[in-house]
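Visitor: I'll drop the sequence and a predicted model, then ask my questions.
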2 protein chains.
Amino acid sequence: MTTLTAERGASGTDSRDHVPLLDALRDAIGAAYVLTDAQDLATRLVEDRGLRSGTAIALLRPGSTEEVATCLRLCQTAKVPVTPQGGNTGLAGGGVPDGGIILTTDRLNRIRQVDPTNATMTVEAGCILANIQAAADEVDALFPLSLASEGSCQIGGNLSTNAGGTAVLRYGNTRDLVLGVEVVLPDGRVLNDLNGLRKNNTGYDLKNLFIGAEGTLGIITAAVIKLFPKPTARATALVACTGPDPALALYARMRSQTADTLSTFEYIDRLGLQMVVDHAPGCSDPMVEVHPAYCLIELTGNGAQADLDARLEGALEAAFEAEEIIDAVIGASEAQKDALWALRENLSEAQKPEGASIKHDVSVPVSRVADFIKVATQACMDHMPGLRPCPFGHFGDGNLHFNLSRPVDMADADFLAEYGAFNRIVHDIVHEMGGSFSAEHGIGTFKRAELRRYKDPVALELMEQLKAVLDPGQMLNPGKVL
Amino acid sequence: MTTLTAERGASGTDSRDHVPLLDALRDAIGAAYVLTDAQDLATRLVEDRGLRSGTAIALLRPGSTEEVATCLRLCQTAKVPVTPQGGNTGLAGGGVPDGGIILTTDRLNRIRQVDPTNATMTVEAGCILANIQAAADEVDALFPLSLASEGSCQIGGNLSTNAGGTAVLRYGNTRDLVLGVEVVLPDGRVLNDLNGLRKNNTGYDLKNLFIGAEGTLGIITAAVIKLFPKPTARATALVACTGPDPALALYARMRSQTADTLSTFEYIDRLGLQMVVDHAPGCSDPMVEVHPAYCLIELTGNGAQADLDARLEGALEAAFEAEEIIDAVIGASEAQKDALWALRENLSEAQKPEGASIKHDVSVPVSRVADFIKVATQACMDHMPGLRPCPFGHFGDGNLHFNLSRPVDMADADFLAEYGAFNRIVHDIVHEMGGSFSAEHGIGTFKRAELRRYKDPVALELMEQLKAVLDPGQMLNPGKVL
């Protein structure tokens, strides 16, 4: 058995230093579920994209809420911190251990209850998001949370990061999709708030304290999530605009004319579309002319397909007349709609062959999103001529992935050396516009310095007070968020 | 000047004991806004329905967030607790002072910003709900929060109690309608989290800690609230059922067939309808036959009126065939729709001429709501033959106002002596069904004992820990919630 000793975290990462704790953990959850072999730990020590790695003594795989509680009690007694992990697909380094022990929720993978009439499902933290979507589908319902990693991310991680995704415009963030939670606190107490109630005003809102806390205040072990009527129709279009301003006018029109059937309003810069056309297999530009910017629009509804089509077409006709759009392609079949979506879904991947990219996950009020694209693009271009800004994303949420591809002839390393400088330029503009430097990815380890820089000081103080009262021993997910 | 000395609260209620504090407060916010005269305080010392009254040294009317902060700093230094008040329309006694000082938000009544494109409005705590609704209407938008007291309740109170109302089914509770808050903490620090962002994952969710905390953790002084596209059509029906079971089947059908156009699904027992017909001026039974139970159903949408009408009619036809409903009246004009709504809106008032009533504001999972009505009705009838149960309310939210009118020939006082016994019967059944003993009215002073009885013990501990860390001096709204 090889034990990982390459680096030592705060509490040491040599399992030989922790024989009594590991023995007690083996007694509690079974030796098969206390892993210390380097091979078993390897994928658990690195962030999904390999940007950050850590160390750990062991990986725990408890099989029940009670076992999670026992693990935390034993670790607290031994003063060994615990990093909770779901699918380890986070984009801010929140799951990378910093010494101590990794606790994965992967064995907490039961769907405890499906209640179609209450439109709820009670799921354990380790359920894979795609499996939850499928279980909802089986009762002819929709669980709308949808994101790129849905085939491997776990709902516990989605809750802990308050994940966003492509359905926020209509259904809200993960926070909005949860009615109740079960949480193991750092000292092993279990908060049982697994209610499936639409209305419950009995005291402070504890649920939302743990949702989005990135596992630093407690480990969410189960949740009651909301289901929705499954849409029976969708109408999808890719439209072309002369730039972000008409795109914003179009958004306002769509929201007003199509109201809450509007499910998707995504922005794609020409450069991004070009990269998809150049690099994503099977993707081609559906328009004859080249245009400066595009929006992917989708309406979903529970009425007749023809009604929804008519609504989309009516709104787009008016948008043409108002010169908000200059071209449009409406998906005439499900295959065509999927093809339009592929242009959006391949954006992240298509940027990779173009060399290093500096990414920002920012939001501003929707009324500022066009201004933001213009101002931030100009400021970044001023900082580095030849830069290829590639803004795209959830325009209708005010949330852009403001990605910058390096100049064509610059070395990746030289470009990435400017990461901090670009962060400062972009985040300062975001801040000035009342926005957020982390719209959907969270803080993790990557954005702790930005949190210190931009967060309201009283909010920071309150966060520290909450951490101190809920996790006085700094036992949970050390080095994250705060 | 008469000073209130009838009763002394924890910190005394004689303003002569607090001359230096009152002088400092006068200096800070102006003598005209520090009221100690009994006449000025009178309406502020009693709960809306006169069920509970308290005492106070003075009433403060600060005119800005900064003045609220100064008031709290001065009161904290003097160790005099503060009871925040909005419109004083709460139904759980949360605004009744217990000695100390009352701070009203009534002068914080500016709408700071309306941003139609971002679909947000920034409002100060003292804005009257109806004024906010009107301001939204002016920009052709909807602020959906709607409740009986909307002409006098203040948005700060709505936030502090996480108010429910009649639009929850489609738009959620108050909590779901808020993006950002500004809060003055007990020590005078000001949390500035007035963001208008749809997505913002930068640390712990502080907003929801103060929403629904009934002014015990901080005073919300302003908020960014969400606006929605104003529906252009509504289709309204009153349907009759043989009882709660078919009503539940009907609800499931409506949700499935009409999806998120379903805005209202309210339940009315025959006895309740009869009381409205007997006592509410202008109200009459729109059906020829007498039926055991009724549901008020409304769809709202942004498409054509004819489409919505067709959707409602289609669903109701199917419900007839499935024997879920036995009669139906569809509102053919706006006046007819209003008349159907009046049957629901007059329910509370119409119970008063029938003598004393024991009220419960409970929720269960929607899938249990029919069972709850049957089981709780039977249990209460068993306890007191002749009792007249009158359950009504937000069936589609699982939230019923399970009101019990006294037997026809019983004295009010004899009946009300059974308040505790009925509470126990009803709340035990609610609890057993995974429900809540306070769905939308909160805890205040009225339901503190129930909180102790039914709340998860770890949740209670966490609430106490949060109160201790945020308000260690027990300065804010003493004697409420915990």
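Guide: Thanks, I have it.
Visitor: buried ones in the biggest helix by length in chain A?
Guide: Ordering each helix of chain A by length in residues (DSSP state H) puts helix A:305-321 first. Of all the residues in helix A:305-321, those buried under the rule 16 or more other Cβ atoms under 10 Å in any protein chain shown are A:307-309, A:311-312, A:315-316, A:319. Heads up, the C-betas are built off the backbone N, CA and C, glycines and all.
Visitor: for chain A, give me the ranges with low pLDDT.
Guide: For chain A, the stretches with pLDDT under 70 are A:1-13.
Visitor: which residue would you name as the spatial centre of it?
Guide: Closest residue to the average C-alpha location of chain A: A:A163 at 3.7 Å, with Cα atoms, centre = their mean.
Visitor: thought that residue was touching A:E214?
Guide: No: under the criterion of Cβ atoms under 8 Å, A:A163 is not in contact with A:E214, lying 11.2 Å apart.
Visitor: pull up the residues of the stretch 301-450 of chain A that are close to chain B.
Guide: Contact residues of the stretch 301-450 of chain A with respect to chain B, defined by Cβ under 8 Å from any Cβ of the partner chain, are listed as A:301-303, A:307, A:311, A:363-368, A:394, A:397-399, A:434-443, A:447.
Visitor: okay, how far is it across stretch A:224-243, tip to tip?
Guide: End-to-end distance of stretch A:224-243: 42 Å, with Cα to Cα, to the nearest Å as the criterion.
Visitor: tell me if that stretch is near chain B.
Guide: Yes: using Cβ under 8 Å from any Cβ as the criterion, contacts between stretch A:224-243 and chain B involve A:228-229, A:231.
Visitor: can I get those in a markdown table with secondary structure and neighbour count?
Guide: Output for those, formatted as a markdown table (DSSP: H, G, I helix; E, B strand; the rest coil; neighbours: other Cβ atoms under 10 Å in any protein chain shown):
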| residue | secondary structure | neighbour count |
| --- | --- | --- |
| A:F228 | strand | 19 |
| A:P229 | strand | 18 |
| A:P231 | coil | 20 |
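Visitor: I'd like those residues laid out as CSV, including distance to A:E266.
Guide: CSV is the format used below for the residues of stretch A:224-243 next to chain B (distance: Cβ to Cβ, whole Å):
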residue, distance to A:E266
A:F228, 20
A:P229, 23
A:P231, 17
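Visitor: and the residue nearest to the centre of chain A, which helix or strand is it part of?
Guide: Secondary-structure element containing A:A163, defined by DSSP states H and E: none, the residue being outside all helices and strands.
Visitor: which one is it nearest to, not counting chain neighbours?
Guide: The shortest distance from A:A163 to any residue that is not its chain neighbour, by Cβ to Cβ, 6 or more residues apart in numbering or on different chains, is 4.7 Å, and that residue is A:T174.
Visitor: same question, A:I330
Guide: Setting aside the residues directly before and after it, A:I330 is nearest to A:A237 in space (Cβ to Cβ, 6+ apart), at 4.6 Å.
Visitor: the one you found contacts A:L340, doesn't it?
Guide: Yes: here A:A237 reaches A:L340: they are 7.3 Å apart, a contact under Cβ under 8 Å.
Visitor: and A:A468, how many neighbours?
Guide: For A:A468, the number of neighbouring residues by other Cβ atoms under 10 Å in any protein chain shown comes to 12.
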